[in-house]
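# need a 3D model of the sequence below.
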Amino acid sequence: MYEERSFGDKTWLVLKGLAMGAANKVPGVSGGVVAFVAGFYEEFIYSLQKVNRKAFALLINGRFASFYRYINGQFLGLLILGMVISYFSVSKLLDYLIEHFELYVWSAFFGMIIGSIYYIAKDFDNWNRKYLGYMLCGIIAGVGISFLEPASENTNLFFVFFCGIIGVSGMTLPGLSGSFILILMGNYVLLIVDSVNALYNTVAELLTGDVSFVNDPVRIQLLKILIVFSLGSLTGLVSLSHLLAYVIKHFKSATYAVIIGFIAGSLGVVWPWKNKQYEYNASGAINYDANGQPIIKGYERYWPTEISAETIWAIFFIIVGILIVLSLDWYNKHVNRRHG
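Okay, the predicted model is just below:
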């Protein structure tokens with residue numbers, strides 16, 4: 001039985017959902033890291049595990065209150081509410097910041113991941129050759145993924161459903177960015193930008209009584225894609241949570257060692273100093289997506305060679321990112337003392 005939450009705890013949970021939703025949208029950043037650092041990762045996984053045959057039986061039989069309690073509905077509902085709000089607010093702000101202050105945004109996320117590694121590793125007491133080996137495997141996997149070449153966009157609905165299953169991994173597996181995986185699969189812009197914007201525009205039009213979008217085949221196709229992607233994400237979220245719940249229960253130390261390595265390996269994805277590599281056509285011109293944005297093929301990372309004002313600000317934001325995570329550590333200790 002899960003504890004009843006105070007109003008303040010409920011508000012914080014929505015805010016954590018906001019942070020998790022924003023992190024899931026940024027390539028290279030994992031919403032699972034937010035869950036891990038904010039202290040609700042295991043409850044998140046075990047709550048999702050409750051979405052099973054028993055839960056569906058309760059739902060079908062009309063036992064809605066029992067269903068709600070069984071799946072820890074208050075926790076999941078508030079968290080998902082925060083994520084939904086994030087996709088139409090915080091993530092929009094992040095889009096703007098990445099477009100205009102890209103180096104500083106990546107620097108802050110880089111610092112937050114460094115802080116996350118420290119936060120998780122400091123309480124891990126089982127370091128020996130075996131668990132160092134597990135951590136090394138996680139680092140190798142994280143670094144290897146960061147250097148893969150992206151595929152081309154694919155609107156096939158079966159592939160979109162599969163993208164949903166794989167892309168949601170960032171919510172359940174800390175260190176593995178679902179958005180970055182979607183870039184590698186070639187469908188990040190289609191699924192996270194174009195289809196979400198199509199839904200946003202559709203809702204805005206419906207609120208004003210405008211239903212002209214039904215005659216727009218491109219809009220309808222994007223909405224279909226978003227629905228299929230969402231179904232794939234739900235399928236992946238539930239199935240991966242069952243697997244992870246089993247692994248955490250039986251191999252907790254090994255799992256945590258791999259997660260620490262995975263998060264460390266993901267630092268290469270969010271390395272602040274990098275140049276975009278664009279996709280070119282046969283004539284040597286840059287290819288553009290349906291929204292007129294240049295298609296990014298990958299990134300070329302480099303070390304800053306001079307101490308400029310821009311470099312100093314980037315280092316400052318790395319430190320800010322680290323301090324944000326450490327402040328969460330302080331907050332969790334404060335809450336534990338209050339309830340202790």
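# give me the distance between the nearest residue to Asn24 once chain neighbours are set aside and Ile259.
Nearest residue to Asn24, sequence neighbours excluded (Cβ to Cβ, 6 or more residues apart in numbering): Gly31, at 3.9 Å. For glycine as for every other residue, the C-beta is placed from the backbone atoms N, C-alpha and C. Distance, Gly31 to Ile259, by Cβ to Cβ, to the nearest Å: 13 Å.
# what sits against the residue nearest to Asn24?
Counting by Cβ atoms under 8 Å, 6 or more residues apart in numbering, Gly31 makes contact with 20-21, 23-24, 170-171, 178.
# and the residues you listed, which is the shakiest by pLDDT?
Within the set of the contacts of Gly31, pLDDT is lowest for Gly170 (70).
# check the residue nearest to Trp303 when sequence neighbours are not counted and give its pLDDT.
Spatial nearest neighbour of Trp303, chain neighbours left out: Trp273 (6.6 Å); criterion: Cβ to Cβ, 6+ apart. Looking at Trp273, its pLDDT stands at 89.
# repeat for Val37
Value for Val37, per-residue pLDDT: 75.
# what's the local residue count around it?
Residues near Val37, counting by other Cβ atoms under 10 Å, number 26.
# you'd agree it is up against Ala121?
No: at 11.7 Å, Val37 does not count as touching Ala121 under the criterion of Cβ atoms under 8 Å.
# does Ile286 touch Tyr280 like I think?
Yes: using Cβ under 8 Å, Ile286 is in contact with Tyr280, at 6.0 Å.
# got any ranges where the chain has weak pLDDT?
Residues of the chain meeting the criterion pLDDT under 70: 1-7, 27-28, 91, 149-151, 175, 289-293, 295-298, 329, 331-340.
# helix or strand: which one has the residue in it sticking out farthest from the centre?
Largest separation from the mean C-alpha position in the chain: Ser283, at 36.4 Å (Cα atoms, centre = their mean). Counting by DSSP states H and E, no helix or strand carries Ser283.
# with Leu222 instead?
Element membership of Leu222 [criterion: DSSP H and E] is helix 217-250.
# how about the helix or strand that comes right after that helix: buried residues?
Once the chain leaves helix 217-250, the next helix or strand it forms, by DSSP H and E, is helix 252-265. Residues 253-265 are the ones in helix 252-265 that count as buried (16 or more other Cβ atoms under 10 Å).
# how much space separates Val105 from Pro294?
19 Å.
# more crowded one of those two?
Per other Cβ under 10 Å, whichever of Val105 and Pro294 has more neighbours is Val105, with 20 against 13.
# my guess is that one contacts Asp95. True?
No: Val105 is beyond contact range of Asp95, at 10.2 Å (criterion: Cβ under 8 Å).
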